[in-house]
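In: please find the sequence and the predicted model below.
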Amino acid sequence: MSSTAQKPKYHVVCRECSVERLYDDGDEATDLERKHTKETGHRIVVGRVK
Ligand SMILES: [Zn+2]
């Protein structure tokens with residue numbers, strides 16, 4: 001893996017259970033957020049990490 005630039009990462013955390021993941025792609029992060037919220041009704045927080 002040769003990364004020339006630092007990509008922003010998306011840190012997805014559920015405040016109501018132990019779900020926590022890191023994504024390079026914001027779309028995937030949003031996808032998990034939506035899915036998890038829909039399935040469980042939990043509150044997800046998406047943060048940006050560099
Ligand atoms: Zn949850």
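Out: That came through, no problem. This structure is a prediction, so every number in the text was calculated from the model and none was measured.
In: tell me the phi and psi of residue 24?
Out: phi -80, psi -30 (degrees, to the nearest 10).
In: any idea of the pLDDT on it?
Out: Confidence at residue 24, expressed as pLDDT, is 93.
In: what's the neighbour count on the nearest residue to it once chain neighbours are set aside?
Out: Nearest non-adjacent residue to residue 24, counting by Cβ to Cβ, 6 or more residues apart in numbering: residue 7, 5.5 Å away. (C-beta placed from N, C-alpha, C; glycine too.) The number of residues packed near residue 7 is 10, by other Cβ atoms under 10 Å.
In: need the three-state assignment for residue 7.
Out: Classification of residue 7 by DSSP: H, G, I helix; E, B strand; the rest coil places it in coil.
In: same check on residue 36?
Out: Recorded secondary structure, residue 36: helix (three-state DSSP).
In: show me what contacts the residue nearest to it when sequence neighbours are not counted?
Out: Among residues not flanking residue 36 along the chain, residue 44 sits closest, at 5.6 Å (Cβ to Cβ, 6+ apart). Listed by Cβ atoms under 8 Å, 6 or more residues apart in numbering, the contact partners of residue 44 are 12-15, 19, 32-33, 36-37.
In: how far is stretch 8-24 from where the chain is centred?
Out: What separates the centre of stretch 8-24 from the centre of its chain is 4 Å, taken as Cα atoms, centre = their mean, to the nearest Å.
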